[in-house]
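Participant: Below is the structure, and that's it, no one-letter string:
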């Protein structure tokens, strides 16, 4: 039922628009911001905060070549058109998600068609050209569905990719044997063996230090998949508090410096925060689970952020230890402050939140955050959030320092004018923490 709602809602949008910590703790030095860029959650777009570039997959429909828009985020979108180029991947399909490999300066893009094995393309950021050998094929019979994604692992020079079976090419016509996650090795440009699931994930997060991935999935809600990436095994995370809430876990992101995770829920205003510091896997796949450390009470909190709407989209800045949550096809945004160090147990006093609303877009339309796939990324160098709208016409930038200090100002209306290179009726910058970057077609 929910997936049908998502499909109808997405088609309608596209048609219309084209605190402190408690308990015993141990300090953990954060990794450099650039190295942690975009590692906490799978997202549609990829942000390179060092080079100040954005790469946004475009909804091409599948019959034509897959495309990715490259944007320059360093300038003023009111005076300089940020659209650098549209990159043609050279093969049919739809680009679903992207991630940045900062050190080699690569953009990793996953794409595919419904009835064919998917691809991973590598793009050189220096000149926006494809790396020799691209595209690299997914494991046979696997392709990225609309909710699949990719996260780069800077500690192992690899990427974690979720994928879904296509019975046309999956051996034996299976609808499940080619569903799961697999690591992609950048040194060899090859995939590791598939970590098999029974159902596709809604979205996933990844902690490269702990080598843990959480992937909520509708058919198995309210229990998300918990993946032992190093051990190549798919397990589950079982917690009574999560089961009793049962609010359709959707987005997932982890803080690799503290082991704190945030789960966004599709069917309720409550946000789930989980402490996986010291967590361990037990059992043998598929009869295995990820166990939170410590004795009851559980190390999971269902927290009311004060938001007036459901907030399923999640991204985390592991430098500031704050999570950004986005709404369900609307303009709501929440900044959730998390523990800054590893803690033994979570308590409500560890968490605090502010909420705000984004202003109307430069074209006068209400901003609606994308949900299929989710499109939330963090610039860890400048502490900014980036969110693609559901119509794939604008990339919104939110200054998170400004959101924390003065959340009510975030909704300040854009002034009359136009974004550079467009004929919009409003400017791109509200001068109170929000800027919009037009995508191709605006």
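Facilitator: Yep, it's here. Keep in mind that what you see is a predicted model, and the values were worked out from it rather than measured.
Participant: mind listing what the nearest residue to residue 364 once chain neighbours are set aside touches?
Facilitator: Leaving aside its sequence neighbours, residue 364 sits nearest to residue 425 (C-beta to C-beta, 6 or more residues apart in numbering; 5.8 Å). C-beta coordinates here come from the backbone N, C-alpha and C atoms, glycine included. Neighbour list for residue 425: 362-364, 416, 418 [criterion: C-beta atoms under 8 Å, 6 or more residues apart in numbering].
Participant: switch the cut-off to 10 Å
Facilitator: Taking C-beta atoms under 10 Å, 6 or more residues apart in numbering, we find residue 425 in contact with 360, 362-364, 414, 416-418.
Participant: how about the helices in this protein?
Facilitator: Ranges of helices in the chain, per DSSP state H, are 2-17, 240-245, 400-405.
Participant: need the helix or strand of this protein with the lowest average pLDDT.
Facilitator: Every helix and strand of the chain was ranked by mean pLDDT, DSSP states H and E. The lowest is strand 25-26, at a mean of 34.
Participant: Flag the shaky bits of the stretch 201-350 of the chain, pLDDT-wise.
Facilitator: 295-296 (pLDDT under 70).
Participant: in this protein, which strand has the most residues?
Facilitator: Criterion DSSP state E: the longest strand present in the chain is strand 83-92.
Participant: For that strand, name the packing helices and strands.
Facilitator: In this structure, strand 83-92 packs against strand 53-57, strand 65-72, strand 106-112, strand 119-124, strand 129-130, with contacts taken as 3 or more C-beta pairs under 10 Å, 6 or more residues apart in numbering; DSSP states H and E.
Participant: Pipe those into CSV and attach mean neighbour count per row.
Facilitator: As requested, the helices and strands packed on strand 83-92 are exported to CSV (neighbours: other C-beta atoms under 10 Å):
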stretch, mean neighbour count
strand 53-57, 26
strand 65-72, 22
strand 106-112, 27
strand 119-124, 21
strand 129-130, 14
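Participant: rewinding a little: just want the angle from the longest strand of the chain to strand 65-72.
Facilitator: Here the directions of strand 83-92 and strand 65-72 differ by 160 degrees (axes from the mean of the first three to the mean of the last three C-alpha atoms, to 10 degrees).
Participant: Closest one to residue 116 out of the contacts of residue 425, please.
Facilitator: Among these, residue 363 lies closest to residue 116 (C-beta to C-beta), at 34.9 Å.
Participant: per-residue confidence for the closest one?
Facilitator: Listed pLDDT for residue 363 reads 97.
Participant: Nearest spatial neighbour of it, chain-adjacent residues omitted?
Facilitator: Per C-beta to C-beta, 6+ apart, closest to residue 363 is residue 424, 5.1 Å.
Participant: Please tabulate the contacts of residue 425 in TSV and include neighbour count and distance to residue 189 as additional columns.
Facilitator: Formatted as TSV, the contacts of residue 425 follow (neighbours: other C-beta atoms under 10 Å; distance: C-beta to C-beta, whole Å):
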residue	neighbour count	distance to residue 189
360	17	44
362	27	40
363	20	40
364	10	45
414	24	43
416	8	49
417	14	45
418	16	43
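Participant: Just give me the closest of these to residue 48.
Facilitator: residue 362 (23.7 Å).
Participant: now stretch 84-99: how far from the chain's centre is it?
Facilitator: Averaging C-alpha positions (C-alpha atoms, centre = their mean, to the nearest Å) puts stretch 84-99 17 Å from its chain's average.
Participant: Quote the end-to-end distance of it.
Facilitator: End-to-end distance for stretch 84-99: 18 Å, by C-alpha to C-alpha, to the nearest Å.
Participant: What residues of that stretch count as buried?
Facilitator: Neighbour-count burial for stretch 84-99 flags 87, 89, 92-99 (criterion: 16 or more other C-beta atoms under 10 Å).
Participant: among those residues, which two are most distant?
Facilitator: Within the buried residues of stretch 84-99, 92 and 99 form the most distant pair, 21.9 Å apart (C-beta to C-beta).
Participant: Am I right that residue 416 is in contact with residue 428?
Facilitator: No - the criterion here is C-beta atoms under 10 Å, and residue 416 misses it with residue 428 at 12.0 Å.
Participant: Count the residues that sit near the residue nearest to residue 304 when sequence neighbours are not counted.
Facilitator: With C-beta to C-beta, 6+ apart as the criterion, residue 304 has its nearest non-adjacent residue at 5.8 Å, and that residue is residue 270. When neighbours are counted by other C-beta atoms under 10 Å, residue 270 registers 17.
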